[in-house]
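Visitor: starting from these lines, generate the structure:
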Amino acid sequence: MSLDTGIIGLPQSGRTTVFNAITKGQADTGTYSREASANIGVARVPEPRLGPLSDMLKPKRVVAASATYIDIGTSVKDLSTGIGGKLLNQLSAADAMINVVRAFTDDSIPHVLGSLDPDRDIANMNLELTFSDLALLEKRQQRIEESLKGAKPAERGHLLREEELTTRIRASLEKDMAVREMELTPDEWKAISGFQLLSAKPLLIALNIGEDQLPAASELDTQFNSRYARPRCRVVSFCAKLEAELGQLPESDAQVMRSEYGLNESGADRAIRESYALLGLFPFFTIASGEVRAWPISAGTEAAKAAGKIHTDMERGFIRAEVVGYGDLVKCGSIAEAKRRGVLRLEGHNYVVQDGDVITFLFNV
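Guide: This is a model prediction of the structure:
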């Protein structure tokens, strides 16, 4: 499953630096252009369980799940212009968003709005996402009204239900409630999936702090999450400048540097993990041909569909799945021992795959 996350933010917020930190890229920073093309990079999704599996099974290759990050080449420079055109198209195509919010102080890099105020910047960006959705829904309702004029009886019911739903969503947006926070039924979520509403997308607020703020990072996380954490919305704080620099070092050297700053883990890894989790994704693992691999799926995925994530032939020819939980496999020490102890089991098409399942799929081509 592809995970495409669009990174947005005001100029001078460190948006591209966050992109570099997450993807270990080297995209140019410090420049602004509404016509610039997007930077695109791929990052591995941190998965601590791959280490023990590798130690146990000694594979030739270990493959983590990956996620694609898009540093949107056009930012909201002047909020009065709104979100539209190229920016809207790029954001609409993303599965999730990261809003980079400046919290660091640097007199050599003036804030585009003249002062440092993360709460104001978060509120302004949320408003822009809301305004974009309201404009889209207004156009949608105009089309519905036109369609109703000549609609056949069989079509009217569907159009009236869509009209009621869009009216309800507009009313909630006008009360400053993002679509992602609304209590919609599965059928209603499906009905609006094609609208590509921006405030319906999972949102990670990346609070870009300075090195001098690192000792207070955990406290900042707590403070800002208490104000902004919502369904499918979280806040994570990290120093993008430091993480981008560490991303260019060998991992052993980067770990030494982090320890000197009192950091237990990579801030970039935290951002990746949070954006991954906001989409409701988790991995199952496969062991085959000398390779241990993590495959991302969403909660509720059945075994045959999970097989299809690897190859469509495996889903079409699915017979059954040999499944053992990660914890059980680690306790047993090998697949053979898991079989001997009876913790490796056979599951059918409709088995709902669990986080950390280690699966071998049996299928006919």
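Visitor: got the domain ranges for the protein?
Guide: Following automatic domain parsing, the chain resolves into domains at 4-46+63-116+200-278, 131-199, 300-363.
Visitor: dump those to TSV, plus mean neighbour count and mean pLDDT.
Guide: Every residue, glycine included, has its C-beta placed from N, CA and C. Converted to TSV, the domains of the chain look like this (neighbours: other CB atoms under 10 Å; pLDDT from 0 to 100):
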stretch	mean neighbour count	mean pLDDT
domain 4-46+63-116+200-278	18	87
domain 131-199	14	92
domain 300-363	17	96
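Visitor: R293: which of the ones you listed is closest?
Guide: For the domains of the chain, the distance to R293 is smallest for domain 4-46+63-116+200-278, at 4.2 Å, taking CB to CB.
Visitor: how far out from the middle of the chain is that closest one?
Guide: Computed by CA atoms, centre = their mean, to the nearest Å, the chain-centroid distance of domain 4-46+63-116+200-278 equals 12 Å.
Visitor: how far does it stretch from start to finish?
Guide: One end of domain 4-46+63-116+200-278 sits 12 Å from the other (CA to CA, to the nearest Å).
Visitor: before we move on, back to that, nearest to L57, of the domains of the chain?
Guide: Across those, L57 has its closest neighbour in domain 300-363 (7.9 Å, CB to CB).
Visitor: start to end distance for that closest one?
Guide: End-to-end distance (CA to CA), domain 300-363: 21 Å.
Visitor: quick one, strands of this protein?
Guide: 4-9, 39-44, 61-63, 66-71, 96-102, 203-208, 233-238, 281-288, 291-298, 318-325, 345-347, 357-363 (DSSP state E).
Visitor: pipe those into a markdown table and attach distance to Q248 per row.
Guide: What follows is the strands of the chain, written out as a markdown table (distance: least, CB to CB, whole Å):
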| stretch | distance to Q248 |
| --- | --- |
| strand 4-9 | 19 |
| strand 39-44 | 13 |
| strand 61-63 | 22 |
| strand 66-71 | 17 |
| strand 96-102 | 20 |
| strand 203-208 | 18 |
| strand 233-238 | 16 |
| strand 281-288 | 27 |
| strand 291-298 | 25 |
| strand 318-325 | 38 |
| strand 345-347 | 44 |
| strand 357-363 | 34 |
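Visitor: now tabulate the domains of the chain in a markdown table and tack on distance to A294.
Guide: What follows is those, written out as a markdown table (distance: least, CB to CB, whole Å):
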| stretch | distance to A294 |
| --- | --- |
| domain 4-46+63-116+200-278 | 5 |
| domain 131-199 | 26 |
| domain 300-363 | 10 |
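Visitor: and F285, which of these is closest to it?
Guide: Of all those, it is domain 300-363 that lies closest to F285, at 4.7 Å by CB to CB.
Visitor: from the chain's centre, how far out does that closest one sit?
Guide: With CA atoms, centre = their mean as the basis, domain 300-363 stands 25 Å off its chain's centre.
Visitor: and what of stretch 154-172?
Guide: In terms of CA atoms, centre = their mean, the centre of stretch 154-172 is found 29 Å from the chain centre.
Visitor: remind me, longest helix of the protein?
Guide: helix 118-149 (DSSP state H).
Visitor: that helix - contacts with which helices or strands?
Guide: Applying 3 or more CB pairs under 8 Å, 6 or more residues apart in numbering; DSSP states H and E, one finds that helix 118-149 contacts strand 96-102, helix 153-173, helix 217-228.
Visitor: geometric centre of the chain: which residue is closest?
Guide: S275 (3.3 Å; CA atoms, centre = their mean).
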